[in-house]
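J.: need a structure here:
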Amino acid sequence: MMTTVYGRDGEPTGHPNYEVGYGRPPEKTRFKKGNKSGRGRPKGSPNLKTMVNRIADEKVSAKIQGKPVKMKRKELMLLHVATLACQGDLKALDRFLPLVERFEDAQETVVIPTEDTREDLAAIEEYLRYHGRSGETDGA
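T.: Predicted coordinates for the structure are as follows:
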């Protein structure tokens, strides 16, 4: 939508074919150069994600079983939640168990071929033969 933007005095402002719309405000109402309100976050200043990661990755001193150790904050927090869960804290247990289930080493699953699987493999091998490729699948 091409429109001419008019000022309060009734005179056209800016470019006669400037398109006003989403993300394109009238030139007269835009932030002016040097306006502190429209500056945004200064370059080089860390955002929240960067700050959280930096703090969580900091090494701190702690005593574990009476011995002083240095470990990352996030490791220490996880260890603390695990200790509380083992002591019966239900909130800690509620937070820790999903983490264990999510990151637990998955046991290798063994697929036992059934008759349907054998038929599928035979169909795949037939398809590969038809298209000029030799049997690239394991025959079960």
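
J.: Ramachandran angles for Val52?
T.: phi -60, psi -50 (degrees, to the nearest 10).

J.: number of nearby residues for it?
T.: Val52 has 12 neighbouring residues, counting by other C-beta atoms under 10 Å. C-beta here means a position set from N, CA and C on the backbone, and glycine is covered the same way.

J.: where's the most centrally placed residue in the chain relative to Ile55, distance?
T.: Taking C-alpha atoms, centre = their mean, the centroid of the chain lies closest to Lys49, which sits 10.9 Å from it. Separation of Lys49 from Ile55 (C-beta to C-beta, to the nearest Å) stands at 11 Å.

J.: Check Gly23 too.
T.: For Gly23, the distance to Ile55 - C-beta to C-beta - is 35 Å.

J.: ok, the two, which is more surrounded?
T.: Neighbour tally, Gly23 and Ile55, criterion other C-beta under 10 Å: the higher count belongs to Ile55, 10 against 4.

J.: Need the nearest residue in space to that one, chain neighbours excluded.
T.: Arg73 (6.5 Å; C-beta to C-beta, 6 or more residues apart in numbering).

J.: looking at it, that neighbour is touching Ala56, isn't it?
T.: Yes - in this structure, Arg73 is within contact of Ala56 by C-beta atoms under 8 Å, at 5.2 Å.

J.: hey, where'd the strands end up in this protein?
T.: 59-64, 67-72 (DSSP state E).

J.: Dump those to CSV, plus mean pLDDT, mean neighbour count and distance to Ser45.
T.: CSV is the format used below for those (pLDDT from 0 to 100; neighbours: other C-beta atoms under 10 Å; distance: least, C-beta to C-beta, whole Å):
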stretch, mean pLDDT, mean neighbour count, distance to Ser45
strand 59-64, 94, 11, 24
strand 67-72, 95, 11, 24
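
J.: of all these, which lies closest to Glu19?
T.: Closest approach to Glu19 among these (C-beta to C-beta): strand 67-72, 51.9 Å.

J.: Now do the closest one against strand 59-64, angle only.
T.: 140 degrees (axes from the mean of the first three to the mean of the last three C-alpha atoms, to 10 degrees).

J.: Nothing else from me, thank you.
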